[in-house]
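> structure for this input, please:
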Amino acid sequence: MPHVVTDSTCDLPKPLLDRWGITVVPMTIDIGGTALREGVDITLHELYEWMARTRELPKTSQPSPSAFEEAFESLAADGPVLCLTLSSKLSGTYQAACLARDLTGVDATVFDSLTASLGLGLQVVRACELLGSGHAVDETVAQLARYRDEMKTLVLLNTLENIVKGGRLSRFQGTISSALDIRVLLHDVDGEVLLLEKVHGHKRLLHRAVERMVARRPDLSDRDVGITHFNNPDDAEWLVQAIGEACHPRGFIVNEMGPAMATYAGEGGLIVSS
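Prediction:
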């Protein structure tokens, strides 16, 4: 079976990574001038503790081409490689992987997921399933492209604090939004993350996310749903129950989002992909 490589924003649980033998190239999180590899040098809980102590937002950066080179070369002797990355509209990770492929000359195919978190993770799992059932890499990529184009990712922001810290919203606007209990629902459009709607209140945000999913695809029996959260297991479980009753998906993958995604989602944030 060809080897599958991805980056750490896939947010897949370790048992799934181990089951399929997936190689993960870590993103970099810069905290106070110290570069840390996601999932290697820093955990989500360590990031949360640091963010609680400072108004500064950590900086994230894509893996270097050399990190992908190392991964590709370590696997090349055993056959072709399929690498799936975070959306090229959100990061230079895809370009770094393509450059590594070109520099090494390894038989590696690089696929742009056009999404993030378990949106990427679900595509990685689908790739493993297809390759494991005997599909060639080119056949797998063709099916992945269709799966990707049918996928939708919603981002539920319970706080605007990190958007304010990141300069995407003024502190004045953030204060007003907090006072009015405004929550934000984002969605992916051609690989970018854009505003879908603003809602009042925490529960309304959850209900609107489910309503959006039902309106778009009421029957999810042929696919899985991925849910990641930042320190918010209760809402993640609520979504599992609500989406399960409304759309009857094949299954769920639920996990804490890694530091790179959590940096932008903020505490209580959720990402739902299907």
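
> tell me which element residue 142 is part of?
helix 137-150 (DSSP states H and E).

> so what does that helix touch, helix or strand wise?
strand 81-85, strand 108-112, helix 118-132 (3 or more C-beta pairs under 8 Å, 6 or more residues apart in numbering; DSSP states H and E). Quick note: C-beta positions are derived from backbone N, CA and C, even for glycine.

> angle of that helix against helix 118-132?
Orientation check (axes from the mean of the first three to the mean of the last three C-alpha atoms, to 10 degrees): helix 137-150 against helix 118-132 gives 150 degrees.

> need the next SSE after helix 137-150, C-terminal direction.
strand 153-157.

> follow-up on the earlier one: distance from the chain centre to the helix holding residue 142, please.
18 Å (C-alpha atoms, centre = their mean, to the nearest Å).

> likewise stretch 237-253?
For stretch 237-253, the distance to the chain centre is 18 Å (C-alpha atoms, centre = their mean).

> what's the answer for stretch 122-137, then?
On C-alpha atoms, centre = their mean, the centre of stretch 122-137 falls 18 Å from the chain's centre.

> now the helix holding residue 142: buried residues?
137, 140, 141, 144, 147, 148 (16 or more other C-beta atoms under 10 Å).

> likewise stretch 186-203?
186, 187, 188, 191, 193, 196, 199.

> what sits up against the helix holding residue 142?
2, 80, 82, 84, 109, 111, 113-115, 123, 126-127, 130-131, 135, 223 (C-beta atoms under 8 Å, 6 or more residues apart in numbering).

> and the angle from it to strand 108-112?
Using the same axes, to 10 degrees: helix 137-150 against strand 108-112 is 10 degrees.

> circling back to that earlier point, ok, so of the buried residues of helix 137-150, who is nearest residue 55?
The closest of the buried residues of helix 137-150 to residue 55 turns out to be residue 148 (C-beta to C-beta; 36.7 Å).

> any idea how far residue 134 is from that closest one?
21 Å (C-beta to C-beta, to the nearest Å).

> now, which of the buried residues of stretch 186-203 sits nearest residue 100?
For those, the nearest to residue 100 is residue 191 (20.4 Å; C-beta to C-beta).

> help me confirm that the closest one comes into contact with residue 115.
Yes: using C-beta atoms under 8 Å, residue 191 makes contact with residue 115 at a distance of 7.1 Å.

> shared neighbours of these two, which are they?
Contact criterion C-beta under 8 Å, 6+ apart; residues shared by residue 191 and residue 115: residue 87.

> low pLDDT regions in the stretch 1-150 of the chain?
The model of the stretch 1-150 of the chain has no residue with pLDDT under 70.

> let's go with 80 and repeat that
For the stretch 1-150 of the chain, the stretches flagged by pLDDT under 80 are 32, 44, 47-48, 51-57.

> ok, back up a step: the buried residues of stretch 186-203 into JSON lines, with extra columns for distance to residue 23 and pLDDT?
What follows is the buried residues of stretch 186-203, written out as JSON lines (distance: C-beta to C-beta, whole Å; pLDDT from 0 to 100):
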{"residue": "186", "distance to residue 23": "30", "pLDDT": "90"}
{"residue": "187", "distance to residue 23": "30", "pLDDT": "93"}
{"residue": "188", "distance to residue 23": "25", "pLDDT": "92"}
{"residue": "191", "distance to residue 23": "23", "pLDDT": "94"}
{"residue": "193", "distance to residue 23": "26", "pLDDT": "87"}
{"residue": "196", "distance to residue 23": "34", "pLDDT": "91"}
{"residue": "199", "distance to residue 23": "39", "pLDDT": "92"}
